[in-house]
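Colleague: pasted the sequence and its predicted model underneath.
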Amino acid sequence: MVFDTAYTYDVMHKLNMSLFVTVRDVEGYFDNVWTVHAVASLYCPASSGLRYGRPIVRKVNQRHTHIEGKIGRFENLAWFPMLNFLFAQADLIWFLMKLIKQNRISIIRAEDPYFNGILGMIVSRLNRLPIVIGVWSNPEKIRKDTKKTLSPRLKWIWLERLVERFMLRRAHRALAGNLNNRDFILSHGVQKDRTEVIRIGTAINTTHFSLPSKRKCGLADLESVGVTDQQVLLCISRLEDLKLADHMIRAVACLKGRGLNVKALYAGDGSLREMYSKLAEELGVADQVVFCGDRDQDWLHRVIPCVSVVVSPCTGRALTEAALGGAPIVAYDTEWQSEIIEQGITGELVPFLDYSRMADSIEKILKDNEYANKIGFNVRERALDMMDPKKINAVLINLYNELLVPLDS
C-alpha cells in the first residue's frame with residue numbers, strides 16, 4: 001500500500017502519468033498495489049459536495065487500485081473544517097485497515113516523511129507491517145532557498161525538521177531519488193545500510209527511452225505554439241518559487257542584449273505564471289517567451305529532440321526526460337543535477353543562481369552545433385545507464401525481500 005499525494009486520479013490520466021503508479025508492482029513482484037491519495041478532494045471546487053463523503057476506489061488496471069480520500073466526512077459539517085477533516089481521515093484509516101486484512105497487504109510505502117509518512121506510519125504500526133519512506137528532493141536545500149517549509153501543514157521549519165527526523169529514523173528503509181537526497185537522509189542520523197538510492201527511471205514513460213531519431217517529429221507541435229524556424233529553449237518545470245524557472249527569462253534577456261533572439265518555451269504551469277509573464281514584459285522579451293501550460297508525455301517525447309537547448313534551473317523527472325531525448329542541456333549545479341550533467345561532457349553545468357553564466361552556456365551551445373550534438377549524445381548514454389529500469393527494479397526487489405523475510409518465516 002502506497003501513500004502518495006502527488007497526483008489525483010483525474011490529473012494522473014490527463015497527463016498520461018499512470019505509469020507513475022503502475023510501476024510500483026515492480027514487474028509483478030507484488031500481485032496487487034493500492035495507491036492512496038488521502039486528500040484528493042482538496043482539489044474539487046470549494047462549493048462542491050464532492051469534497052465530502054467516503055473514500056472513492058477506482059481500478060487503474062488488473063494489479064493496481066487508486067483510492068482517494070476526502071477532506072471532510074460530512075457536507076453538513078463543512079462549517080467546522082478541522083473536525084470534519086479528522087472524521088474523514090479516521091474513516092479512511094478504518095477503511096484501509098479492513099482492506100489490509102482482507103487482502104493480506106504486506107508492506108507500507110509513503111512517498112514523503114510528512115503527511116503521507118505520518119498516515120503510513122499509523123497504518124504500519126496498527127498492522128505491524130514494515131514501512132518504507134521515500135525522499136525525492138533535498139528539503140534542507142529547498143528550505144534554504146525559499147525560507148519556507150515544504151509541507152504547508154507544517155508552519156515552522158524547526159517542526160518540519162523534527163518530523164523528518166522522527167519519521168526517517170523509524171522507517172524500516174528510507175528511499176532516496178539520488179545521492180544528494182540520500183545525503184539529506186543520512187544527515188538525520190539514519191544508518192546508511194537502512195537507505196537505498198532508487199532513481200526515477202522506472203517512473204519515466206517508456207516512450208522517452210526510444211531513440212530520438214525514431215520518434216515522431218515534434219516540429220508540428222512547435223508550430224502550433226507559434227514557433228517556426230527559430231532556435232528554441234525549453235524549460236520543463238512547475239512555475240513555482242523553488243523551481244527557479246524565471247531564470248530562463250532572465251537568460252533570454254541577456255541573450256537579446258547580445259543580439260541573439262531565441263524562443264523560450266515553458267512546458268508546465270503554476271501559481272507564478274502571471275508573474276513570469278509580467279517579468280518577460282519588463283525585460284522586453286515578452287514576444288520571445290511562450291507559456292505552453294501542462295503538456296502530456298507524448299508531447300514532451302516528440303518535442304524534446306527538436307529544441308536547441310533544454311534549460312534546467314532545478315528539475316528532477318524533467319531533467320531525466322530531457323537527457324533521454326538527447327537534448328543539449330544547461331543546468332544549475334544544485335541538488336542532484338551534477339550526477340547526470342558533467343561540464344563539457346554531458347552538458348553545461350552552471351554555478352547556482354548565475355543566470356548570466358546560464359546565458360553564456362546557452363550561447364556556446366547555440367553557436368557550436370558539433371558540441372551540441374556531442375553533449376546530447378553523451379547525456380543520453382549516461383541517462384540510459386543511470387535510469388535503467390531493470391537495474392532499479394533489481395535493487396527494489398532485493399530490498400523488499402529483506403523486509404518481507406520475517407513475514408514469511
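Modeller: In hand now; what should we look at?
Colleague: send the alpha carbons of the helix or strand hosting I397 over as PDB?
Modeller: With the criterion set as DSSP states H and E, the secondary-structure element containing I397 is helix 389-408. Listed in PDB are the C-alpha atoms of helix 389-408, where the atom choice follows Å, rounded to 0.1, in the frame of the first residue of the first chain:
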ATOM      1  CA  PRO A 389      14.500   0.200 -15.100                       C
ATOM      2  CA  LYS A 390      15.800  -3.400 -14.800                       C
ATOM      3  CA  LYS A 391      18.700  -2.300 -12.600                       C
ATOM      4  CA  ILE A 392      16.400  -0.200 -10.400                       C
ATOM      5  CA  ASN A 393      13.800  -2.900 -10.100                       C
ATOM      6  CA  ALA A 394      16.500  -5.400  -9.100                       C
ATOM      7  CA  VAL A 395      17.500  -3.200  -6.200                       C
ATOM      8  CA  LEU A 396      13.900  -2.700  -5.100                       C
ATOM      9  CA  ILE A 397      13.200  -6.500  -5.200                       C
ATOM     10  CA  ASN A 398      16.200  -7.200  -3.100                       C
ATOM     11  CA  LEU A 399      15.100  -4.500  -0.600                       C
ATOM     12  CA  TYR A 400      11.500  -5.900  -0.400                       C
ATOM     13  CA  ASN A 401      12.800  -9.500   0.000                       C
ATOM     14  CA  GLU A 402      14.900  -8.400   3.000                       C
ATOM     15  CA  LEU A 403      11.900  -6.600   4.600                       C
ATOM     16  CA  LEU A 404       9.400  -9.400   4.000                       C
ATOM     17  CA  VAL A 405      11.500 -12.300   5.300                       C
ATOM     18  CA  PRO A 406      10.200 -12.000   8.800                       C
ATOM     19  CA  LEU A 407       6.600 -12.200   7.500                       C
ATOM     20  CA  ASP A 408       7.300 -15.500   5.700                       C
END
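Colleague: just the pLDDT at the residue most central in space within the chain, thanks.
Modeller: Nearest to the mean C-alpha position of the chain, by Cα atoms, centre = their mean, lies R317 at 5.6 Å. Here the pLDDT value assigned to R317 is 91.
Colleague: same question, P406
Modeller: In this model, P406 is scored at 57, pLDDT.
Colleague: next: D229.
Modeller: 82.
Colleague: how close does it get to L219?
Modeller: 10 Å (Cβ to Cβ, to the nearest Å). Quick note: C-beta positions are derived from backbone N, CA and C, even for glycine.
Colleague: more neighbours: the two, which one.
Modeller: Neighbours of D229 and L219, each counted by other Cβ atoms under 10 Å, are more numerous for L219; the result is 14 against 7.
Colleague: okay, the more buried one: pLDDT?
Modeller: The predicted local confidence for L219 comes out at a pLDDT of 94.
Colleague: next up, the contacts around the residue nearest to T346 when sequence neighbours are not counted.
Modeller: Sequence neighbours aside, V379 is the residue nearest to T346 in space, at 4.0 Å (criterion: Cβ to Cβ, 6 or more residues apart in numbering). With contacts defined as Cβ atoms under 8 Å, 6 or more residues apart in numbering, the neighbours of V379 are A323, G326, A327, P328, I329, I340, I341, T346, G347.
Colleague: nearest to M386, of those residues?
Modeller: Among those, I340 lies closest to M386 (Cβ to Cβ), at 6.4 Å.
Colleague: and the closest one, its phi and psi?
Modeller: When read as degrees, to the nearest 10, the backbone of I340 gives phi -120, psi -30.
Colleague: mind listing the strands for the protein?
Modeller: The residue ranges that make up the strands of the chain, judged by DSSP state E, are 2-3, 33-37, 56-59, 64-68, 108-110, 131-135, 173-176, 195-197, 232-236, 263-267, 289-291, 309-312, 329-332, 348-350.
Colleague: now for K391: which residues touch it?
Modeller: Counting by Cβ under 8 Å, 6+ apart, K391 has contacts G201.
Colleague: check A174 too.
Modeller: Taking Cβ under 8 Å, 6+ apart as the contact definition, A174 lies against V132, I133, G134, V135, L168, I185, V190, R194, T195, E196.
Colleague: if we go to 6 Å?
Modeller: Neighbouring residues of A174 by Cβ atoms under 6 Å, 6 or more residues apart in numbering: I133, L168, I185, V190, T195.
Colleague: nearest to L283, of those residues?
Modeller: Distances from L283 to the contacts of A174, taken by Cβ to Cβ, are shortest for I185, at 39.3 Å.
Colleague: name the nearest residue to the closest one, ignoring sequence neighbours.
Modeller: Spatially, and ignoring its direct neighbours in sequence, I185 is nearest to A174 (4.8 Å; Cβ to Cβ, 6+ apart).
Colleague: I'd like the average pLDDT over stretch 125-137.
Modeller: The pLDDT scores in stretch 125-137 average 95.
Colleague: other residues contacting that stretch?
Modeller: With Cβ under 6 Å, 6+ apart as the contact definition, stretch 125-137 has outside contacts at 100, 107-111, 113, 117, 120, 124, 171-177, 181, 185, 403.
Colleague: which parts of that stretch are buried?
Modeller: Of the residues in stretch 125-137, those scored as buried under the neighbour-count criterion (16 or more other Cβ atoms under 10 Å) are N127, L129, P130, I131, V132, I133, G134, V135, W136, S137.
Colleague: out of these, what pair is the most spread apart?
Modeller: Greatest spatial distance among those (Cβ to Cβ): N127 and S137, at 28.3 Å.
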